[in-house]
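Student: how does the following fold in three dimensions:
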Amino acid sequence: MWESKGETAIVVGGGHAGIEAALALARTGFEALLITQNLETIGRLSCNPSIGGLAKGNMVREIDALGGEMGKLIDRTMIQFRILNRRRGPAVQAPRAQADKFLYSRTARQVLENEKNLRLFQDTVVDIITGPEGRLEGVLTGRGLRIKARTVVITTGTFMEGRVFIGGYDCSSGRLGEPAALGLGPALQKRGFVLGRLKTGTPARVHAGSLDYGGMERQDGDKERLPFSFSHDRIDRPDLPCYITYTNPETHRIIRENIHRSPLYSGRIVGVGPRYCPSIEDKVVRFPQRDRHQIFVEPEGEDSREMYLNGLSSSLPEEVQQAFIQTLPGLRRAWITRPGYAVEYDYLDPTQLSPALMAKALPGLFFAGQTNGTSGYEEAAAQGLMAGLNASLFLRGMPPLVLSRAEAYIGVLIDDLVTRGTREPYRMFTSRAEYRLSLRHETADRRLTEKGFHGGLQTREALDRLEAKRQKIEEIRGKLKTARFVLSALPLPPAAPSSPEVSTPGDTAPENAETSAPTVDWPALAGRPLEQALKVPGVGIRDLLPCLPGGEAYTGPGDLEALAQVELDVKYGGYIARQEIQIKRFEKMETSRIPPDLDYGAVEGLSSESREKLKKFRPLSLGQAGRISGIRSSDLALLMVHLRRRRRTGEEPSPPGDPPGDSQGSA
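Tutor: Just a heads-up that it's a prediction; the model follows:
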């Protein structure tokens, strides 16, 4: 039996979810043990060597605001940085960075090894251990070790019963060349958990020296790089270019002629793949009218000679991959170092979890990451952080931290999973968030730092930094209201705006979309309050600094971030105010709690479908109940009346701030 000095918490898996879960437990004072099949592959970027992107970059900054590690890791290892959708509305802008994948993995392992309450252990977990009364007691490993724990977080990624496919070849594997985690999937099923099969894939890698860069479009990063972590002031890292090329009719011809050799189309893969990140075979079949698809050629690391072909995922035979890759401009002589492949794996139906990501059937057992049916490093890390933090709160006998859809993209992610489930790899998009204008990436610290502090993950230093930033924002807002625009104060009227054109906050566009800059009539702004001038399309807050009292002093990294937030708050103040009204209505439904042991059979008039679904999901609030697929609005109204009647008769206390019997809003 494993000996531990105190209460042991176990994290299964060393991917992005496992890293965050293990650190959250250790940093909140618990002795944690991370068990993984291979210590050399901790934090590996299995597919695209990048962190962030549309909606995903928001989650990385939320992870950092709560006290997680992913933002710090990418800041220390990035090789290119860009703000996506820079000329679109702020609700759909997000940071994205190419990572040195090898340095990222090494740095992640170093962070784990240096955490005083955390130990790493190499083995494979094949089952969980429960006691006579059904309580969780620990895990069983492939080498027969029985390791005690009061809480376990499972983050197996694509390894649980994983199988890799390349053309006619397939083998048991979680990543190409790495063994699958066998045993845990069937063991969970025997214990009554519902599992399914999903599929994902990755493209080939090619040798950098075999490419013709003159035949491709060069794509450089932004000159001004924004740290993902709110604790960092600047980024001191190399800046490497990426390249863009395109498929063509010859590429598509080769794929169509060999489509029967793809395991995706021969029926050998039964798992459902990611709809929003399709393989090149899927693109050619599903979009026959398109004669080309954009491909990004991205470096894998500063010292690596491998390039990643983003957008060219495939599981066709290796000789077919070689043939169609060499039809792309710049890749005529491409030398494949690793073929593309598909991987199929077991995942847990996440509707079996509470909003704390704990198994409803077994207290103390948490699940996070691709194990729950998601795709992407960012989605995994976000779940790992919340599962680890809630496992810590469970050990402390405290209520879990559950983020609402109005507070964070992480809240949207987890609510979607546990309330609606998924039948395909879930990917976060800005369109999934109803209140995305309030969930902008640069506001993550204002929304979540205090929650991270109260949960035990954030520091007093982070709180002080946030307070200083808030004061700076208020100071600038005050000056904007009183100071006026003076044309002569500008050295030269700006020829182009220094900030995005004002557009509808929900506008979406391709990541590299650009729009023409509006022309500003600078003389017409003379005498106006600076706050009014800032609302004019094409006018940026940096343009107005010469007119702002003390504006020449706002040059530090913290000042620039405060200026950017003030600019967005001013330009989109009307939209933000309307969204705040919507959020208040949403919060009314969320605070109308439903007792976990409510007898739905006693709710008069409920349809059979709604009654069964409510019994299965056991929603915590009327808001969550309304998001369950198939729940009718009429049944939600009946449930609301039933809860109000219980409050009137004293069976259930009223929600805070509401008079007895008061309705919580309309269905």
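Student: next up, the contacts around Val12.
Tutor: 18, 35-36, 125, 139, 152-156, 184 (CB atoms under 8 Å, 6 or more residues apart in numbering). Placement of C-beta: from N, CA and C, glycine included.
Student: for it, grab phi and psi.
Tutor: phi -100, psi 110 (degrees, to the nearest 10).
Student: just Phe429 next, same as before
Tutor: When quoted as degrees, to the nearest 10, the phi and psi of Phe429 stand at phi -130, psi 160.
Student: not counting its neighbours along the chain, what's nearest it?
Tutor: Once flanking residues are discounted, Phe429 sits nearest to Ala55: 5.3 Å by CB to CB, 6 or more residues apart in numbering.
Student: around that neighbour, how many other residues sit close by?
Tutor: For Ala55, the neighbour count with other CB atoms under 10 Å is 26.
Student: any regions of the stretch 451-600 of the chain where pLDDT drops low?
Tutor: For the stretch 451-600 of the chain, the stretches with pLDDT under 70 are 492-517.
Student: now the helices: where do they sit in it?
Tutor: 460-482, 530-534, 557-571, 573-590 (DSSP state H, counting those that start in this stretch).
Student: can you put these in TSV and add mean neighbour count and distance to Thr245?
Tutor: Shown next, in TSV, are the helices of the stretch 451-600 of the chain (neighbours: other CB atoms under 10 Å; distance: least, CB to CB, whole Å):
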stretch	mean neighbour count	distance to Thr245
helix 460-482	15	42
helix 530-534	21	41
helix 557-571	19	34
helix 573-590	15	38
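Student: next, format these as JSON lines and append distance to Met398.
Tutor: Shown next, in JSON lines, are the helices of the stretch 451-600 of the chain (distance: least, CB to CB, whole Å):
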{"stretch": "helix 460-482", "distance to Met398": "20"}
{"stretch": "helix 530-534", "distance to Met398": "43"}
{"stretch": "helix 557-571", "distance to Met398": "32"}
{"stretch": "helix 573-590", "distance to Met398": "20"}
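Student: ok, which of those helices comes nearest Gln322?
Tutor: Set against Gln322 and scored by CB to CB, the helices of the stretch 451-600 of the chain come closest in helix 557-571, at 46.3 Å.
Student: what angle do the closest one and helix 573-590 make?
Tutor: Relative orientation of helix 557-571 and helix 573-590, computed by axes from the mean of the first three to the mean of the last three CA atoms, to 10 degrees: 90 degrees.
Student: now the strands for the stretch 251-400 of the chain?
Tutor: 294-299, 306-310, 336-338, 341-348, 365-367 (DSSP state E, counting those that start in this stretch).
Student: which one of the ones you listed lies nearest to Leu568?
Tutor: strand 294-299 (28.2 Å).
Student: tell me the mean pLDDT for that closest one?
Tutor: Per-residue pLDDT over strand 294-299 has a mean of 97.
Student: buried residues, that strand. List them.
Tutor: Buried residues in strand 294-299, defined by neighbour count with 16 or more other CB atoms under 10 Å: 295-299.
Student: with stretch 623-638 instead?
Tutor: 623-628, 631, 635-636, 638.
Student: so how far is the first residue of it from its last?
Tutor: Start and end residues of stretch 623-638 are separated by 14 Å (CA to CA, to the nearest Å).
Student: what about the residue sitting furthest away from the middle of the chain, distance to Ser229?
Tutor: Distance from the centre of the chain peaks at Ser488, with 46.4 Å (CA atoms, centre = their mean). Counting by CB to CB, to the nearest Å, the gap from Ser488 to Ser229 is 41 Å.
Student: re the thing from before, format the strands of the stretch 251-400 of the chain as a markdown table; extra columns: distance to Thr591.
Tutor: A markdown table is the format used below for these (distance: least, CB to CB, whole Å):
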| stretch | distance to Thr591 |
| --- | --- |
| strand 294-299 | 45 |
| strand 306-310 | 43 |
| strand 336-338 | 51 |
| strand 341-348 | 29 |
| strand 365-367 | 25 |
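Student: residues touching the closest residue to Gly550 other than its chain neighbours, list them.
Tutor: Closest residue to Gly550 apart from its sequence neighbours, by CB to CB, 6+ apart: Lys479 at 7.5 Å. Neighbouring residues of Lys479 by CB under 8 Å, 6+ apart: 530, 548-550.
Student: got CSV for those, with distance to Ala564 too?
Tutor: Listed next are the contacts of Lys479 as CSV, based on distance: CB to CB, whole Å:
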residue, distance to Ala564
Leu530, 16
Leu548, 14
Pro549, 19
Gly550, 18
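Student: what score does Val641 have for pLDDT?
Tutor: Here the pLDDT value assigned to Val641 is 86.
Student: tally of neighbours for it?
Tutor: Number of residues near Val641 (other CB under 10 Å) recorded here: 15.
Student: ok, the residue nearest to Phe429 to Ala91 distance?
Tutor: Taking CB to CB, one finds Ala55 at 10 Å from Ala91.
Student: got it, and Ser608?
Tutor: As judged by CB to CB, Ser608 and Ala91 stand 40 Å apart.
Student: mind checking which of the two has more residues around it?
Tutor: Between Ser608 and Ala91, counted using other CB under 10 Å, the more crowded position is Ala91 (28 against 7).
Student: was I right about the more buried one contacting Thr443?
Tutor: No - with contact defined as CB atoms under 8 Å, Ala91 does not count as touching Thr443 (10.9 Å).
Student: related to what we said a few turns ago, the strands of the stretch 251-400 of the chain: which one's closest to Tyr554?
Tutor: Closest among those, once you apply CB to CB, is strand 294-299, at 35.0 Å.
Student: who are the packing partners of that closest one?
Tutor: Packing partners of strand 294-299 (3 or more CB pairs under 8 Å, 6 or more residues apart in numbering; DSSP states H and E): strand 242-246, strand 306-310.
Student: what average pLDDT does the last one get?
Tutor: Model confidence over strand 306-310, given as mean pLDDT, is 97.
Student: that older thread, quick one: the residue farthest from the centre of the chain from Pro523, how far?
Tutor: 11 Å.
Student: how far away is the closest residue to Glu442 other than its chain neighbours from Leu348?
Tutor: Nearest residue to Glu442, sequence neighbours excluded (CB to CB, 6+ apart): Gln565, at 5.5 Å. Distance from Gln565 to Leu348, counting by CB to CB: 39 Å.
Student: that older thread, now the common contact residues for Ala55 and Ala91.
Tutor: Contacts common to Ala55 and Ala91, judged by CB under 8 Å, 6+ apart, are Thr430.
Student: got the CA positions of the strand or helix carrying Leu417 in CSV?
Tutor: Following DSSP states H and E, one finds Leu417 within helix 409-420. C-alpha atoms of helix 409-420 as CSV (Å, rounded to 0.1, in the frame of the first residue of the first chain):
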residue,chain,number,x,y,z
TYR,A,409,-16.1,30.8,-20.7
ILE,A,410,-15.1,28.1,-18.3
GLY,A,411,-18.6,28.3,-16.8
VAL,A,412,-20.1,27.9,-20.3
LEU,A,413,-17.9,24.9,-21.1
ILE,A,414,-18.7,23.0,-17.9
ASP,A,415,-22.4,23.9,-17.9
ASP,A,416,-22.7,22.7,-21.6
LEU,A,417,-21.0,19.4,-20.7
VAL,A,418,-22.9,18.5,-17.6
THR,A,419,-26.2,19.8,-18.7
ARG,A,420,-26.4,18.9,-22.3
